[in-house]
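Enquirer: what shape does this take:
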Amino acid sequence: MDLQLPRGIAVIDAGKTNTKIVLFGPDGRPVAERKVASLNHEGPPYRTIDPAPLVELCRRILPELDAILPIDVVVPAAHGAALACLGEDGTLALPVMDYNAEPPPEIIAAYRKVQPPFGEVFCSLLPMALTHGLQLFWQQQAFPEDFARVKTVVPWIQYVAFLLSGKLATEISSMACQSHLLNIRDGGYSSLVKRMGWEPLFPPMAKAWESVGTLRGEFLGGGFRGRAAVLAGVHDSNANYLRYLAAGQKKFTLLSSGTWIIGFDTETRLENLIEEKDTVSNTDVFGNHVGSSRFFGGREFEFLSEGASGDFATLAAVQDIITAATYALPSFSDGGGPVPRTGGRGRIAGTPPKTPEQKASLASLYCALMVAECLTALGSKHDIIVDGPFSKNIVFLQILIQLRQGQKLLASDLRDGTTAGAACLALMPDGILPHVPLSLTTIASQNLSNLGPYQREWRKLAYENIV
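Expert: As a prediction, the model looks like this:
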């Protein structure tokens, strides 16, 4: 692809809940958006992702958006917890597995005997089918005849690029996102991949910003105006992180919030990652290691708030919760996050909340305490930036800044960091990051009474009886 500035950039974001196409102008600003619900099936053979709605959305919408701005570049982005296993003819040899699929206990037990060590992949085995290595192992062991037909394996992100362009590639942020597939230190394939004989199945690596092909004819409609180059694509959380690098941020911790709250810290070293605290490694699009933390924040908030949004939370209700010594203790999902071995053991100690205000306030307080644990585990010392839904929960933010004294807390006004970050890839065909300004709001602490003693007691209760 030449260095001419793209007239229009279409980001295809294949998310867990929704699949959307966002059209950006050459200044990196969004112009239009279309979306459709992502589709999953319960199986057999396991819970799967159906790519049909994505293909139909692209077929219908890309020509429509090209009429607004000529689409010169298409950038795939997607969650990192799925793989596509393709036969020789490029069709799926096995359905794409949804990470919510539940592996049989005997498969998990067998996988534990072959999984690579934390010091190689810097990720422990995740719940459900969230780990790429476990997905492939399950498919190979349980469906050997189908797996024998597999000629190529690509991350879901690059499968989107393949559906659009017919060209196969892998990419570092997609392959290294807690997948068990790469040796993180040297960037080569992991001991698991070599032991299982999977190495020949992966196509060559491309840079996230490199063009792997052009849109296939079925997506061009009758009079497509743009050049329609399709890039290799990027892991969604890494795209979000890239947006802040493009804004000129240097030393910082990003808390990318949604269903998960994923922390990215620019200064955390690999040797400082703590497996039991669920601190892991991501690799950015440039190949740099980025220390990360994971907490099922959005899901746990929903559980505690019983559907009440963060808008219902108030500092007055939080103060009452602190005074009454009511504690939400981890963890309400099946992952312990920063408090190890607490998955599925979440409970409320003290008087349970009754009103939507109380429930949302306790959920905000709990999530702030858990995120503070994540930040401590990462060794976060510099500015903290929150984006996504939790950046709009002012009560959560005001609690968190009081818990992180000595640091600055900034809320991002960015509506969708994943698509905005992915769009940046279209502005860097030479691999040099563009500068795209960003608006950040500084959060002031409100000095809740006795929050410090409350946190100490919460930590004591949270960590007791951990075996």
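
Enquirer: for the rest of this, base every contact and every neighbour count on C-alpha atoms.
Expert: Will do.

Enquirer: residues contacting stretch 384-394, please?
Expert: Surrounding stretch 384-394, the residues in contact under the criterion Cα atoms under 8 Å, 6 or more residues apart in numbering are 252-258, 310-311, 364, 396-397, 407-417.

Enquirer: how far does it sit from its chain's centre?
Expert: Taking the mean C-alpha point of stretch 384-394 and that of its whole chain, the gap between them comes to 15 Å (Cα atoms, centre = their mean, to the nearest Å).

Enquirer: could you give me the average pLDDT of it?
Expert: Mean pLDDT, stretch 384-394: 95.

Enquirer: what distance separates the start and the end of that stretch?
Expert: Stretch 384-394 stretches 15 Å from its first residue to its last (Cα to Cα, to the nearest Å).

Enquirer: and if you look at stretch 40-57?
Expert: Its start and end residues considered, stretch 40-57 measures 16 Å (Cα to Cα).

Enquirer: and stretch 229-238, by the same measure?
Expert: End-to-end distance for stretch 229-238: 21 Å, by Cα to Cα.

Enquirer: same question, stretch 16-32
Expert: Using Cα to Cα, the end-to-end distance of stretch 16-32 comes out at 21 Å.

Enquirer: how about it: buried residues?
Expert: For stretch 16-32, burial by neighbour count (16 or more other Cα atoms under 10 Å) applies to K16, T19, K20, I21, V22, L23, F24, G25, P26, G28, P30.

Enquirer: run through the bridge partners of the last one.
Expert: What it means is P30. F24 (DSSP bridges).

Enquirer: how about it, what does it touch?
Expert: Contact partners of P30, counting by Cα under 8 Å, 6+ apart, are V22, L23, F24, A420.

Enquirer: quick one: it and V234, what's the gap?
Expert: If you go by Cα to Cα, the gap between P30 and V234 works out to 18 Å.

Enquirer: relative to E300, which of the buried residues of stretch 16-32 is nearest.
Expert: Distance to E300 across these (Cα to Cα) is lowest for K16, with 16.9 Å.

Enquirer: before we move on, the earlier item: tell me which two in the contacts of P30 are the farthest apart.
Expert: Pairwise distances across the contacts of P30 (Cα to Cα) peak at 9.9 Å, for the pair L23 and A420.

Enquirer: domain ranges for this protein?
Expert: Structurally, the chain divides into domains by automatic domain parsing as follows: 8-232, 244-463.

Enquirer: possible to save those as a markdown table with distance to N238?
Expert: Putting the domains of the chain into a markdown table (distance: least, Cα to Cα, whole Å) gives the following:
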| stretch | distance to N238 |
| --- | --- |
| domain 8-232 | 7 |
| domain 244-463 | 6 |
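
Enquirer: re earlier: buried subset of the contacts of stretch 384-394, written for ChimeraX?
Expert: Selecting only the buried entries of the contacts of stretch 384-394 in ChimeraX, with 16+ other Cα under 10 Å as the criterion:
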select :252,253,254,255,256,257,258,310,364,396,397,408,409,410,411,412,413,414,416,417
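
Enquirer: give me phi/psi at L410?
Expert: Backbone torsions of L410, given as degrees, to the nearest 10, read phi -120, psi 140.

Enquirer: any idea how far W138 is from it?
Expert: Counting by Cα to Cα, the gap from L410 to W138 is 42 Å.

Enquirer: okay, now the unreliable bits of the stretch 251-400 of the chain?
Expert: 336 (pLDDT under 70).

Enquirer: and the pLDDT at the residue nearest the centre of the chain?
Expert: Among the residues of the chain, the one closest to the centroid is S237, at 4.0 Å (Cα atoms, centre = their mean). As summarised for this prediction, S237 has a pLDDT of 89.

Enquirer: I figured R59 hits G217, correct?
Expert: No - under the contact definition of Cα atoms under 8 Å, R59 does not touch G217, with a separation of 9.4 Å.

Enquirer: tell me which of these two has more neighbours.
Expert: Higher neighbour count among R59 and G217: R59, with 18 against 12, using other Cα atoms under 10 Å.

Enquirer: the more buried one in helix, strand or coil?
Expert: In the three-state summary, R59 is assigned as helix, counting by DSSP: H, G, I helix; E, B strand; the rest coil.

Enquirer: ok, it - contacts?
Expert: The contact partners of R59, taken as Cα under 8 Å, 6+ apart, are E218, F219, L220, G221.

Enquirer: can you do 10 Å?
Expert: Taking Cα atoms under 10 Å, 6 or more residues apart in numbering as the criterion, R59 is in contact with P53, L164, R216, G217, E218, F219, L220, G221.

Enquirer: mean confidence (pLDDT) on stretch 98-112, please.
Expert: For stretch 98-112, the mean pLDDT works out to 97.

Enquirer: follow-up on the earlier one: out of the contacts of P30, flag the one nearest to V290.
Expert: The shortest gap between V290 and any of the contacts of P30 belongs to A420, at 19.7 Å (Cα to Cα).

Enquirer: distance check, that closest one against G197.
Expert: Distance, A420 to G197, by Cα to Cα: 37 Å.
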